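Chemist: have a look; sequence and predicted model below, questions after that.
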Amino acid sequence: MRLIRSPLSAATAAALLVPAALGCSLGVAAAERENINLAGIGQYGASADQVTSITQFSDVQPTDWAYQALSNLIERYGCVAGYPNGTYRGSRAMTRYEAAALLNACLDRITEVTDELKRLMAEFEKELAVLKGRVDGLEAKVGELEATQFSTTTKLSGLATFVVGANAFSGSAINRGA
């Protein structure tokens with residue numbers, strides 16, 4: 001996929017990159033003036049066939065220096081799309097448009113995840129407050145039980161005296177003299 005057919009001036013590139021990063025459409029006249037493949041950029045940024053595993057890229061190996069970073073973006077956020085032929089083309093330079101499309105897709109996905117977390121926090125706020133109250137009550141009861149804890153084992157000590165026929169026997173069981 002060839003996204004840019006001619007080099008851009010810095011001012012034109014900046015003017016075109018900002019709207020692309022913000023998700024706005026580029027002016028057709030500006031794109032034609034700079035020979036930019038808008039369809040290719042749009043396809044890369046809004047690809048419905050986002051990859052779900054790094055193994056779907058035939059040209060990405062575990063020994064590549066950015067393998068782990070790319071794997072994290074794919075598995076955590078699902079915001080990386082490849083080319084239609086199943087490649088990522090990580091060995092070639094990425095255009096600023098591709099970078100903007102990738103960054104925009106990842107930021108959109110992160111925003112979706114953050115919004116979902118906020119919604120869930122609001123939804124379960126009452127239940128969490130009830131559970132916190134129950135936990136606090138149980139901790140208070142456990143503290144009270146620990147303060148009044150006693151041992152179930154009792155040690156008895158003393159002297160036993162046996163009386164048989166009004167004669168008292170006491171002493172040791174040692175035989176003295178035979």
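Modeler: Received, thanks. Numbers count the residues shown, from 1 in each chain.

Chemist: tell me where the chain has strands.
Modeler: If DSSP state E is used as the criterion, the strands of the chain fall at 162-164, 167-169.

Chemist: mean pLDDT lowest where, among those?
Modeler: When the strands of the chain are ranked by mean pLDDT, strand 167-169 comes last with a mean of 59.

Chemist: stretch 105-120 - what's its average pLDDT?
Modeler: The average pLDDT within stretch 105-120 is 91.

Chemist: quick one: end-to-end length of stretch 66-78, please.
Modeler: End-to-end distance of stretch 66-78 (CA to CA, to the nearest Å): 16 Å.

Chemist: neighbouring contacts of that stretch?
Modeler: 50-54, 60-61, 64, 79-80, 88, 90, 106, 109-110, 113 (CB atoms under 8 Å, 6 or more residues apart in numbering). All C-beta spots, glycine's among them, are computed from the backbone N, C-alpha and C.

Chemist: farthest-apart pair in those, please.
Modeler: Across the contacts of stretch 66-78, no pair lies farther apart than Gln61 and Val113, at 28.6 Å, counting by CB to CB.

Chemist: more neighbours: the two, which one.
Modeler: More crowded of Gln61 and Val113, by other CB atoms under 10 Å: Val113, with 13 against 10.

Chemist: who touches the more buried one in this structure?
Modeler: Tyr77.

Chemist: quick one: buried ones out of the contacts of stretch 66-78?
Modeler: 50-51, 54, 60, 64, 79-80, 88, 90, 106, 109 (16 or more other CB atoms under 10 Å).
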